[in-house]
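# Below are the sequence and a predicted model; questions follow.
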Amino acid sequence: MEKKLILRGVLVGAVAGLLAFLFARIFAEPQINKAIDYESGRDAAQAALDKAAGLPAEAAGPDLFSRSIQANVGIGVGMIFFGMAMGALFAVAYCVCLGRTGGLRARPLALLVAGGGFLGIYLVPFLKYPANPPAIGHEDTIKARSGLYLLMVLFSLLFLVGAVWLGQRLKERYGNWNASLLAAGAFVVAIGVVMLVLPSLGHLAYNKEHFGNHATETPLPLTDGKGRIVYPGFPADVLFSFRFYSVAAQLLLWTVIGLAFGPLAERVLSPRAATASARATRVDPVGA
């Protein structure tokens, strides 16, 4: 049974990844193009400043893949495989929750697990280290940024599992509603402490040494030797739109997984009941 559920999770994840890619291709991709245009203009302005100062110009490295290939094939394949991976993890978590959530049926349980996946894997880490378009982030901090983000995901999932366990332990004494509120409060406090302890990206040692003490790596206005602005900082509306559509794409992915997996799991767990339900809802043409 577990293998059937995991296989269905992978298939549902692939469909969800495809739909999330189509959404991102329509709404997020224009913001990425704006960010790339900003990066190109800033590089040109920086090159002009370096030339005026007598510094050697850095040769730009060749792109292995064209922008069209990256925006369509690369991101599309990546989103589908990401959806498959999340669908498999979702199905494993679903199997673990079976029989441990009281009288929850297959479909509500699927939505609950999908909501937990969206919250723990994406939304909570996003609040500390949000997604950034091109032109934001320095090459020398990639390793540190990746490590901090993975650490945030790990803490988020661990505390989420701990909150569920705590809620189960407290429900007999305080009831489901109060136990859920206490568990949610414990999760918020614990993850809040982690967010306070982990450094902001702008406070990384490399960034403080080369760019000053700032909250993020978002590019500030480029200035010349006299302090005059020769190129503006990164557009705030582009940054907001990119992050908004990134969250929306992930929400779409997890919603599709939760909604599509429920009926499939119901057929695996109780095939006779599912068949009877389908027959009962079918319209009889003779009786009509």
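On my side now, so go ahead.
# Provide a list of residues in contact with Gly233.
Neighbouring residues of Gly233 by C-beta atoms under 8 Å, 6 or more residues apart in numbering: 218-221. C-beta coordinates here come from the backbone N, C-alpha and C atoms, glycine included.
# Any figure for the gap between it and Pro219?
From Gly233 across to Pro219, the span is 6 Å (C-beta to C-beta, to the nearest Å).
# All the helices of the stretch 51-200 of the chain, residue numbers only.
Secondary structure of the stretch 51-200 of the chain (DSSP state H, counting those that start in this stretch): helices at 67-69, 75-97, 106-117, 124-128, 142-197.
# Contacts only, for Val197.
Contacts of Val197 (C-beta under 8 Å, 6+ apart): none.
# That one and Arg228, how far apart?
Distance from Val197 to Arg228, by C-beta to C-beta: 39 Å.
# for His138, same thing?
Relative to Arg228, and taking C-beta to C-beta, His138 is found at 24 Å.
# next one: Tyr94
Taking C-beta to C-beta, one finds Tyr94 at 59 Å from Arg228.
# When those two are compared, which one has more neighbours?
Tyr94 (26 against 9; other C-beta atoms under 10 Å).
# just checking, the more buried one touches Lys4?
No. Here Tyr94 lies out of contact with Lys4, judged by C-beta atoms under 8 Å, at a distance of 11.7 Å.
# And the pLDDT at the residue positioned nearest the centre of the chain?
The residue lying closest to the centre of the chain (C-alpha atoms, centre = their mean) is Tyr122, at 3.8 Å. Looking at Tyr122, its pLDDT stands at 97.
# how many other residues sit next to Lys3?
9.
# check which helix or strand covers it.
helix 2-27 (DSSP states H and E).
# For that helix, the averaged confidence score.
Helix 2-27 comes out at a mean pLDDT of 96.
# any idea how far it is from the chain center?
Offset of helix 2-27 from its chain centre (C-alpha atoms, centre = their mean, to the nearest Å): 14 Å.
# give me phi/psi at Val230?
With angles defined as degrees, to the nearest 10, Val230 sits at phi -110, psi -10.
# what's the spacing between it and His214?
19 Å.
# which regions of the stretch 151-288 of the chain sit below the pLDDT cut-off?
271-288 (pLDDT under 70).
# buried set for the helix or strand harbouring Ala47?
Assigned by DSSP H and E, Ala47 falls within helix 29-52. Buried positions in helix 29-52, judged by neighbour count with 16 or more other C-beta atoms under 10 Å: 29, 31-32, 34-35, 38-39, 42, 46, 49.
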